[in-house]
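1. need a 3D model of the following:
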Amino acid sequence: ETGDVKVGVPPAVTPDEPGTVTVIPGLACADIPSESGIENIYFFVHGFGDDDEDNHFHWNSQGPAENENILEYNGTDVVITSSGGSVNVPADTKFDIVVAFKVHSSQVYDPTQTDNFRIEYIFSGAISDADNTTSVNMFCFDNDGTGTTWGRWVAVLNNGGEGYSLTAGSNFSIDNIALYGWK
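-> Coordinates of the predicted model:
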C-alpha cells in the first residue's frame with residue numbers, strides 16, 4: 001500500500017527513527033589498502049577516551065577489538081566499510097567520528113609521525129563542517145613491528161570536543177574525506 005504525498009508537508013518522523021550518514025562513492029576503502037589509504041569510518045560514543053589517551057582505542061591489527069565504545073544501532077556496530085556506504089546512528093546521541101587509515105613510507109617521509117600527513121574532511125546536510133586533523137587528534141595503533149615502513153592510525157573528528165549528533169530522521173553526507181601525506 002502506498003501513502004499520499006502532500007506537497008509542502010514534511011513527513012512524520014518518529015522519535016526513535018535514526019539519523020543517516022552517507023559517504024560519497026569513491027571516498028573510502030573497503031579493505032586494508034596495500035599502500036596508504038582510508039580503511040573504515042567508525043562512529044564512537046562521544047568522549048570515549050578524552051581523559052586518558054591510553055583508553056582511546058582497543059584495536060588489533062584488523063581494527064577495533066570488541067571495543068565497547070563503538071556506537072551501535074539496533075545491535076549493529078555503526079561502521080562505514082565501503083565507498084558509497086551508509087549507516088544509521090541513534091537519534092539525539094552524541095558521537096565522534098573515527099577514521100582508520102594506513103600510511104606507507106612510499107608516500108610519506110615517516111609514517112610513524114603525525115607531522116607527515118593529515119586527514120581533511122567536508123560534511124554537508126544536518127552536520128556541516130570542513131576541517132583537517134592535527135597531531136592532537138591522531139593516534140597510532142599498529143605498525144606491525146616494522147619500524148618506519150608503515151603505520152596504522154586513527155583520526156578522531158569530534159566537532160572541536162563537542163561531539164556530533166543527528167535528530168530523528170535527519171542526515172548528513174561525508175562529501176570528502178582524504179588522506180594527505182608528504183615526503
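2. quickly note the distance from Tyr73 to Val99.
-> 19 Å (C-beta to C-beta, to the nearest Å). Quick note: C-beta positions are derived from backbone N, CA and C, even for glycine.
3. typo on my end, Asp115
-> The separation that Asp115 has from Val99, given C-beta to C-beta, amounts to 18 Å.
4. looking at the two, which one has more neighbours?
-> Ranked by neighbour count (other C-beta atoms under 10 Å), Asp115 and Val99 place Val99 first, with 23 against 11.
5. for that one, give me its contacts.
-> Ile38, Asn40, Ile41, Tyr42, Ile119, Tyr121, Val154, Ala155, Leu157, Ile177 (C-beta atoms under 8 Å, 6 or more residues apart in numbering).
6. so which of those residues sit within strands?
-> Ile38, Asn40, Ile41, Tyr42, Ile119, Tyr121, Val154, Ala155, Leu157, Ile177 (DSSP state E).
7. turn these into TSV, columns for distance to Ile127, neighbour count and pLDDT.
-> As requested, the ones in strands among the contacts of Val99 are exported to TSV (distance: C-beta to C-beta, whole Å; neighbours: other C-beta atoms under 10 Å; pLDDT from 0 to 100):
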residue	distance to Ile127	neighbour count	pLDDT
Ile38	19	21	80
Asn40	19	22	82
Ile41	14	25	86
Tyr42	16	26	86
Ile119	16	22	81
Tyr121	11	20	84
Val154	20	24	80
Ala155	17	25	83
Leu157	10	23	86
Ile177	13	22	81
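8. for the residues you listed, please prepare TSV with the additional fields distance to Asp92.
-> As requested, these are exported to TSV (distance: C-beta to C-beta, whole Å):
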residue	distance to Asp92
Ile38	28
Asn40	25
Ile41	21
Tyr42	20
Ile119	27
Tyr121	23
Val154	25
Ala155	25
Leu157	19
Ile177	24
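9. of these, which is the nearest to Asn171?
-> Ile41 (15.1 Å; C-beta to C-beta).
10. make sure that closest one is actually in contact with Ile97.
-> Yes. Here Ile41 lies in contact with Ile97, judged by C-beta atoms under 8 Å, at a distance of 6.4 Å.
11. all the strands of the protein, residue numbers only.
-> 19-23, 37-45, 59-60, 63-64, 72-73, 76-77, 79-80, 86-89, 95-104, 117-125, 129-132, 138-142, 150-157, 171-181.
12. does anything pack onto the last one? Which helices or strands?
-> In terms of contacts (3 or more C-beta pairs under 8 Å, 6 or more residues apart in numbering; DSSP states H and E), strand 171-181 is packed against strand 19-23, strand 37-45, strand 95-104, strand 117-125.
13. surely Ser165 touches Pro90?
-> No. Counting by C-beta under 8 Å, Ser165 stays clear of Pro90, with 9.1 Å between them.
14. for the protein, what helix or strand is lowest in average pLDDT?
-> Ranked by mean pLDDT, DSSP states H and E, the weakest helix or strand in the chain is strand 59-60, scoring a mean of 49.
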